[in-house]
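Predicted model and sequence follow; I will ask about them next.
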Amino acid sequence: MPKIKWAGDLEQTDIDEAEVSQGRYAGPVPPSGVYRFRLQSMKVGESKSGNPKLMMIWKVDGSWQKGHKQYDGAPLFDHMPVTKSSAFRTKALCIALGVSSADFMGKMVADAEGYVTKIGKLAIDDSITAFISVKKGNDEQYGERLTDPGYLAPPEDDDAADSDAEPDDDSTPF
């Protein structure tokens, strides 16, 4: 059989030097509750109706509570409208991230592709964590997934990560 010779601009060194994204989550969808999430990306976008939105991908940080380890890496996709009618969501996100509304509205910086790199003095990277209340939902188009994100203020005592107690599905740590 003849060997294939690829046409185009791809070189072997391009493959060798390419970065592979971290594996996709293949575990169970977590039950409704409060989880600590790690930010994967934050991007400025526009809704189908032309309104501004902030598109975020969060992943469950399974190290926060012992019972959450099995959900480590479970994704939450949030397309948060940035409109007057959804100001309560924007405020909750600002509180969760520890940024002011002035920083959100006037000191947000994005790169050429629209990925947010900074809000005020807060550098946006994968070290950002937030506590988010989510529901387990089922959608015809997307199947089972996490929905209805509610951003929460961080607990005053973040020693919950050391907790050996199993979390109660019906309770929150706040």
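Ah, there it is.

what residue is smack in the middle of the protein?
W58 (1.5 Å; Cα atoms, centre = their mean).

If you count neighbours, what's buried in the helix or strand that it is a member of?
Using DSSP states H and E, W58 sits within strand 52-60. Within strand 52-60, the residues that qualify as buried are K53, L54, M55, M56, W58, K59, V60, counting by 16 or more other Cβ atoms under 10 Å. C-betas here are computed from N, CA, C, even on glycine.

what separates the residue nearest to the fifth one when sequence neighbours are not counted from A87, distance-wise?
In space, W58 comes closest to F37 once its chain neighbours are excluded; the distance is 3.8 Å by Cβ to Cβ, 6 or more residues apart in numbering. Applying Cβ to Cβ, to the nearest Å, the value for F37 to A87 is 22 Å.

which of these two has more neighbours?
Using other Cβ atoms under 10 Å as the criterion, F37 and A87 rank with F37 on top: 26 against 12.

what is the orientation angle of the helix or strand where the residue nearest to W58 lies with strand 52-60?
Secondary structure assignment for F37, by DSSP H and E: strand 33-46. Calculated by axes from the mean of the first three to the mean of the last three Cα atoms, to 10 degrees, strand 33-46 forms an angle of 150 degrees with strand 52-60.

neighbouring contacts of strand 33-46?
Strand 33-46 has contacts (Cβ atoms under 8 Å, 6 or more residues apart in numbering) with 52-61, 64, 68, 71, 75-76, 79, 108, 110, 113-116, 124-134, 152, 161, 167, 169, 172-174.

if we can go back for a sec, adding distance to Q12 and pLDDT, write the buried residues of strand 52-60 out as JSON lines.
Output for those, formatted as JSON lines (distance: Cβ to Cβ, whole Å; pLDDT from 0 to 100):
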{"residue": "K53", "distance to Q12": "40", "pLDDT": "96"}
{"residue": "L54", "distance to Q12": "39", "pLDDT": "97"}
{"residue": "M55", "distance to Q12": "34", "pLDDT": "97"}
{"residue": "M56", "distance to Q12": "36", "pLDDT": "97"}
{"residue": "W58", "distance to Q12": "36", "pLDDT": "97"}
{"residue": "K59", "distance to Q12": "32", "pLDDT": "96"}
{"residue": "V60", "distance to Q12": "37", "pLDDT": "97"}
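
Just give me the closest of those to C94.
Taking Cβ to Cβ as the measure, L54 is the one of the buried residues of strand 52-60 closest to C94, at 11.2 Å.

just checking, the residue nearest to the centre of the chain touches M80?
No. In this structure W58 lies outside contact range of M80 using Cβ atoms under 8 Å: 11.2 Å.

No more questions from me, cheers.
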